[in-house]
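J.: Sequence first, predicted model second:
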Amino acid sequence: MRLWRHVEHAGHNPLGFRSAHNLLASAIPPGNTVHAGSGDVLPLWRAAERYESEGASLVLVAGERYGMGSSRDWAAKGPGLLGVRAVLALSFERIHRSNLIGMGILPLRLPSSCSPEALALKPGDTIGIAMVPERLKPRTPVEVVVRRAGGETVTIHTVAAIETTLEVETLVSGGLLPYILRRALVADEPSVQGTTEARAMR
């Protein structure tokens, strides 16, 4: 099922708040971004659609108190529908951090010296996150590498904004709904096995 049109026609464009500023380039309207491959300025949902067709994952970089004042229903759902896999921020609004995890999005705390302005990301820069599910733990250090379009690399030492092992399990499952479904399937396995054995004995 395609979700892009749902994002486009939602009550408001996710991340398209009037107070939000896209620092990738100057004069980008709220709710828009620059597609790195073409340089086109596009609505977020359209750029996300292009990146999905290219097999590229998305990372969102933000400042302090990320999620503060936004609609709690869409603040995490919007990035999730856009295909965002991780959010790098100086700090997170408490409930929003939890909602990101519920959508299967990894929240990473940036060091104070690495604000979005200091990082000065530009179209064509890529972000690599050195983390595999087996190593994910609460508040574990996570190395992030920014590869500039010109070839330079910058290493950032972030911390996973994860507080409990339950949040780890939720993230590894891909979000809250996949986690619940996986638990339900595991709980059903003994009864299914018992039914199969009973039929075999008849």
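T.: That came through, no problem.
J.: Can you list the low-confidence ranges for the chain?
T.: 1-20, 70-73, 189-202 (pLDDT under 70).
J.: That one: strands as residue ranges?
T.: Under the criterion DSSP state E, the chain carries strands at the ranges 32-34, 41-43, 58-61, 84-89, 106-109, 126-130, 141-147, 153-160.
J.: what's the longest one packed up against?
T.: Helices and strands touching strand 153-160, as assessed by 3 or more Cβ pairs under 8 Å, 6 or more residues apart in numbering; DSSP states H and E, comprise strand 106-109, strand 141-147. Quick note: C-beta positions are derived from backbone N, CA and C, even for glycine.
J.: And the second one, by the same measure?
T.: The helices and strands touching strand 41-43, judged by 3+ Cβ pairs under 8 Å, 6+ apart, are strand 32-34.
J.: What is the strand it packs on packed up against?
T.: Packed against strand 32-34 by the contact rule (3+ Cβ pairs under 8 Å, 6+ apart) you find strand 41-43, helix 44-53.
J.: rerun at 6 Å
T.: Packing partners of strand 32-34 (3 or more Cβ pairs under 6 Å, 6 or more residues apart in numbering; DSSP states H and E): strand 41-43.
J.: who's in contact with Ser38?
T.: With contact set as Cβ atoms under 6 Å, 6 or more residues apart in numbering, Ser38 has no partners.
J.: sorry, that was for Glu169
T.: No contacts exist for Glu169 under Cβ under 6 Å, 6+ apart.
J.: show me where this protein has helices.
T.: 4-8, 44-53, 72-82, 94-102, 116-119, 165-173, 176-201 (DSSP state H).
J.: ok, how many other residues are close to Trp45?
T.: 24 (other Cβ atoms under 10 Å).
J.: Kindly report the same for Ser173.
T.: Residue neighbour count, defined by other Cβ under 10 Å, stands at 17 for Ser173.
J.: Grab the nearest non-local neighbour of Ala149.
T.: Nearest non-adjacent residue to Ala149, counting by Cβ to Cβ, 6 or more residues apart in numbering: Gly124, 3.2 Å away.
J.: Please report how far that neighbour lies from Ala86.
T.: 19 Å (Cβ to Cβ, to the nearest Å).
J.: can you check Ala120 too?
T.: For Ala120, the distance to Ala86 equals 19 Å [Cβ to Cβ].
J.: now do Arg46
T.: Counting by Cβ to Cβ - Arg46 and Ala86 are separated by 21 Å.
J.: of those two, who's got more company?
T.: Per other Cβ under 10 Å, whichever of Arg46 and Ala86 has more neighbours is Ala86, with 22 against 17.
J.: need the contact list for that one.
T.: Taking Cβ under 6 Å, 6+ apart, we find Ala86 in contact with 59, 106, 108, 129.
J.: The first one contacts Ile127, correct?
T.: Yes. Using Cβ atoms under 6 Å as the test, Val59 is close enough to Ile127 to be in contact (4.6 Å).
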